[in-house]
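Novice: Sharing a model prediction with you, sequence too.
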Amino acid sequence: MGKNNSKPLISISGRRNRIYISRDIIRLLGQPSHVCIYMNEEYNSIALGPCNSKNVMSFKVPEKIYAGEKADFTITSLQFVTDIMRLNNLKPNNTYRMIGEYLEDKNMVTFDFSDAQIVYFGCNDNNSKGEVRSFQNKESGAASEKMDPIN
């Protein structure tokens, strides 16, 4: 799985237009100040890797993550999230989670959209709440704990 058996996870919320990046990804990448999102030519996978702040797709890693404080690393982008969800036939009201693969020789974590698993079913009805679902790790077969819906 990579360094120290870390599980590099991202969640993509179409409803919130956000990508949630786990701390394990930041640890695997060597705790960079900025992370870039890269997309392959087929638009069916993305990669995260360290970069400098001048890169067009660079995002600053919150300093609170390094201080041990409770902090989230989220990237919000209506256009990017909408496009990647549409191109990969993901439903826009749902939240998906993917386990990445760390490529040590490139110091990047890759995520394949064909591995995306629904962890939150969104609703079209504003009076209804979505459904939270656990997912199963393909490698170990173990089910994870349930993920809270994104508020």
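Specialist: Sure thing, it's come through.
Novice: where does the chain dip in pLDDT?
Specialist: 1-5, 123-151 (pLDDT under 70).
Novice: if you set the cut-off to 50 instead, what comes out?
Specialist: In the predicted model, the chain carries pLDDT under 50 at residues 1-2, 125-128, 133-151.
Novice: Pull out the buried residues from the helix ranked longest in it.
Specialist: Scanning the chain for the helix with the most residues, using DSSP state H, yields helix 78-87. Using 16 or more other Cβ atoms under 10 Å as the test for burial, helix 78-87 gives Phe80, Val81, Ile84, Met85. (Glycine included, C-beta is placed from N, CA and C.)
Novice: now for that helix, which elements pack on it?
Specialist: strand 9-13 (3 or more Cβ pairs under 8 Å, 6 or more residues apart in numbering; DSSP states H and E).
Novice: picking up where we left off before, mind exporting the C-alpha coordinates of the longest helix of the chain to PDB?
Specialist: This file holds the C-alpha atoms of helix 78-87, laid out as PDB (Å, rounded to 0.1, in the frame of the first residue of the first chain):
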ATOM      1  CA  LEU A  78     -17.700  23.900  -9.200                       C
ATOM      2  CA  GLN A  79     -16.300  23.500 -12.700                       C
ATOM      3  CA  PHE A  80     -13.600  20.800 -12.000                       C
ATOM      4  CA  VAL A  81     -15.800  18.600  -9.800                       C
ATOM      5  CA  THR A  82     -18.800  18.900 -12.200                       C
ATOM      6  CA  ASP A  83     -16.600  18.000 -15.200                       C
ATOM      7  CA  ILE A  84     -14.900  15.000 -13.600                       C
ATOM      8  CA  MET A  85     -18.200  13.600 -12.300                       C
ATOM      9  CA  ARG A  86     -19.900  14.100 -15.700                       C
ATOM     10  CA  LEU A  87     -17.000  12.600 -17.700                       C
END
